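Student: Here is my input, please return the structure:
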Amino acid sequence: MLTSLPNLLTLSRIVAIPILVALLFVRHPAAAWMACIIFTVAAVTDYFDGHFARTRRQVSAIGVFLDPIADKLLVAAVILMLVATAHIDGLAVLPALVILCREILVSGLREFLAGIRVSVPVSRLAKWKTAIQMVALGFLIVGEAGPAAVPVRAIGETGLWGAAILTLFTGYDYLRTGLAHMTGAPVGASERAQHGKPQPQAQPRVG
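Tutor: Reported below is the predicted structural model:
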């Protein structure tokens, strides 16, 4: 199943990371635009790998494992490179830090909840956060290479702050659910509906 189309799309996001890192080191407008194009294509595959996994009935354990890892590796690598190359600086570093910390927190919580066989579906708000975050990072990758008449960097930083705010809400939601299972506190009906109840086996995330 590693060579199925959904898994190949997921793997393509991981393969794109070293290319993006190399391009972000190059101080040239053409390199910035090429990095933005590659990043955009990689971000779009996050939708299509899940779509094809469902429509082609190719959901696999390796896809469930790789999909969230590929997303987090891509986002973390781009954010770190943007900070290192001063595409993100000043106060804009704060939302970038919030996003990175949230990714680490959610990864730990997902691992814990999977161990006790509790599924954690992606919420609608988290999907909006991801979309805004990806668009913001695309603008920040282009940065000063963008048209002079368009405040490309300002748009990217505004989007990054918006994604960070949504990140706080979604991160808190995951943390509250995780703590409830850790402490044995009762989970409300709405939370059970959103985050899932203990299952005979963990429900896979397609991709």
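Student: In contact with residue 152, which residues?
Tutor: 139, 142-146 (C-beta atoms under 8 Å, 6 or more residues apart in numbering). Using the backbone N, CA and C atoms, a C-beta is placed for each residue, glycine as well.
Student: what about 6 Å?
Tutor: Going by C-beta atoms under 6 Å, 6 or more residues apart in numbering, residue 152 touches 139, 142, 146.
Student: what about the longest helix seen in the chain, average pLDDT?
Tutor: Using DSSP state H, we find that the single longest helix of the chain is helix 152-183. Averaging pLDDT along helix 152-183 yields 87.
Student: Helices along the protein, start to end?
Tutor: Assignment of helices within the chain using DSSP H yields the ranges 5-25, 29-55, 61-84, 93-115, 124-142, 152-183, 189-195.
Student: what's the least confident stretch among the ones you listed?
Tutor: Mean pLDDT values for these show the minimum at helix 189-195, a mean of 44.
Student: Just the residues contacting stretch 135-150, thanks.
Tutor: Identification of contacts with stretch 135-150 by C-beta under 6 Å, 6+ apart yields 29, 32, 35-36, 39-40, 78, 82, 87, 152-153, 155-156, 159-160, 163.
Student: can you do 8 Å?
Tutor: 24, 29, 32-33, 35-36, 39-40, 43, 75, 78-79, 82, 87-88, 152-153, 155-160, 162-163.
Student: And those residues, which of them are buried?
Tutor: 24, 32, 35-36, 39, 43, 75, 78-79, 82, 87-88, 152-153, 155-160, 162-163 (16 or more other C-beta atoms under 10 Å).
Student: Give me the phi and psi for the residue sitting furthest away from the middle of the chain.
Tutor: Each residue of the chain has a distance to the centre, and by C-alpha atoms, centre = their mean the biggest one is for residue 149: 29.9 Å. Main-chain torsions, residue 149, degrees, to the nearest 10: phi -80, psi -10.
Student: and what of residue 58?
Tutor: Backbone torsions for residue 58, taken as degrees, to the nearest 10, come to phi -120, psi 30.
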